[in-house]
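K.L.:
Sharing a sequence plus its predicted fold:
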Amino acid sequence: MIRPTNMDEDILVVPRHLLLPNSVHGFTVSGVQEYRSRVLTYGEFRLRSEMEHDPSMKQIIPYLIVRYDSKVFAFQRSAEGGETRLHGKFSVGVGGHINRADVEGAVDVVDAGLRRELLEELVIRGAWKPRLVGAINDDSIPVGRVHFGLVHVIDLESPAVEVREVQSLSGGLVDRAQLLQLRDRMETWSQFIFAAADPLAL
């Protein structure tokens with residue numbers, strides 16, 4: 001579930017040939033630290049409106065799976081969410097573009113971007129820790145050809161977590177059985193993760 005953003009913002013992108021020397025499809029746990037390193041080395045900020053239809057550049061999306069104990073936070077985007085292709089769909093993660101204004105001056109723009117995204121979407125009462133677990137790429141459709149996901153698990157120390165923007169998003173912690181019931185109603189990136197791994201075991 002990618003959070004909609006302003007087309008006039010500067011977002012983090014990486015030239016495709018520098019990020020993906022080899023073809024990748026779906027969710028993978030292989031080489032994730034190398035992908036992250038390439039993002040930090042070759043990333044640059046460009047106007048999003050110019051990047052939306054440029055498959056030579058990959059827009060970097062921190063995609064966050066929020067977990068507590070044996071439960072994962074299941075998200076659902078409402079009709080007020082802005083991104084029409086996601087309306088009503090469930091997701092095991094939430095993500096957004098890394099905006100220059102949000103990470104200006106940060107040593108690690110990926111870490112700064114994911115923290116901004118997480119706290120913009122959720123109210124978390126307690127400590128949490130991010131962990132890079134995989135990457136997502138889908139060149140089979142136009143929107144996928146211009147995006148690249150860095151998948152992180154966010155481990156919570158407390159189950160006290162809730163949606164911040166309740167007018168556009170809903171959700172809560174669910175167990176494995178509940179999650180499996182939602183699987184067929186999930187958006188593409190979540191389906192990729194399910195096809196390759198157990199979201200509760202990453």
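P.N.:
Received the coordinates, thanks. Residues are numbered from 1 along each chain as shown.

K.L.:
When you work out contacts or count neighbours from here on, use the C-alpha atoms and nothing else.
P.N.:
OK.

K.L.:
Need the pLDDT of the most centrally placed residue in the chain.
P.N.:
Residue closest to the mean C-alpha point of the chain, counted by CA atoms, centre = their mean, is Y63 at 1.7 Å. Per-residue pLDDT puts Y63 at 98.

K.L.:
Tell me how many other residues crowd the residue lying closest to L169 once chain neighbours are set aside.
P.N.:
Nearest residue to L169, sequence neighbours excluded (CA to CA, 6 or more residues apart in numbering): R77, at 4.7 Å. Residues near R77, counting by other CA atoms under 10 Å, number 26.

K.L.:
So which elements touch the helix or strand where the residue nearest to the centre of the chain lies?
P.N.:
According to DSSP states H and E, Y63 maps onto strand 57-68. Contacts defined by 3 or more CA pairs under 8 Å, 6 or more residues apart in numbering; DSSP states H and E place strand 57-68 against strand 10-15, helix 16-19, strand 71-77, strand 94-95, helix 109-121, strand 147-156.

K.L.:
low-scoring pLDDT stretches of the protein, where are they?
P.N.:
1-7, 79-87 (pLDDT under 70).

K.L.:
Distance of the spatially most distant residue from the centre of it relative to R100?
P.N.:
In the chain, counting by CA atoms, centre = their mean, A177 sits farthest out from the average C-alpha position, at 23.1 Å. Applying CA to CA, to the nearest Å, the value for A177 to R100 is 39 Å.

K.L.:
give me the element L132 is part of.
P.N.:
L132 belongs to strand 128-137, assigned by DSSP H and E.

K.L.:
In its sheet, which strands sit next to that strand, and in what direction?
P.N.:
Here strand 128-137 is paired, per DSSP bridges, with strand 26-28 (antiparallel), strand 147-156 (antiparallel).

K.L.:
What residues of the helix or strand following it count as buried?
P.N.:
Going down the chain from strand 128-137, the next helix or strand is helix 142-145, by DSSP H and E. For helix 142-145, burial by neighbour count (16 or more other CA atoms under 10 Å) applies to 144-145.

K.L.:
if we look at helix 142-145, which residues are touching it?
P.N.:
52-53, 55, 58, 137-139 (CA atoms under 8 Å, 6 or more residues apart in numbering).

K.L.:
still on that earlier bit, I figured the residue nearest to L169 was touching V94, is that so?
P.N.:
No - using CA atoms under 8 Å, R77 is not in contact with V94, being 9.8 Å away.

K.L.:
just to revisit the earlier point, how about the contacts of helix 142-145 in a markdown table, adding neighbour count and distance to A201?
P.N.:
Converted to a markdown table, the contacts of helix 142-145 look like this (neighbours: other CA atoms under 10 Å; distance: CA to CA, whole Å):
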| residue | neighbour count | distance to A201 |
| --- | --- | --- |
| E52 | 17 | 33 |
| H53 | 13 | 35 |
| P55 | 17 | 32 |
| K58 | 27 | 28 |
| N137 | 22 | 21 |
| D138 | 21 | 23 |
| D139 | 16 | 26 |
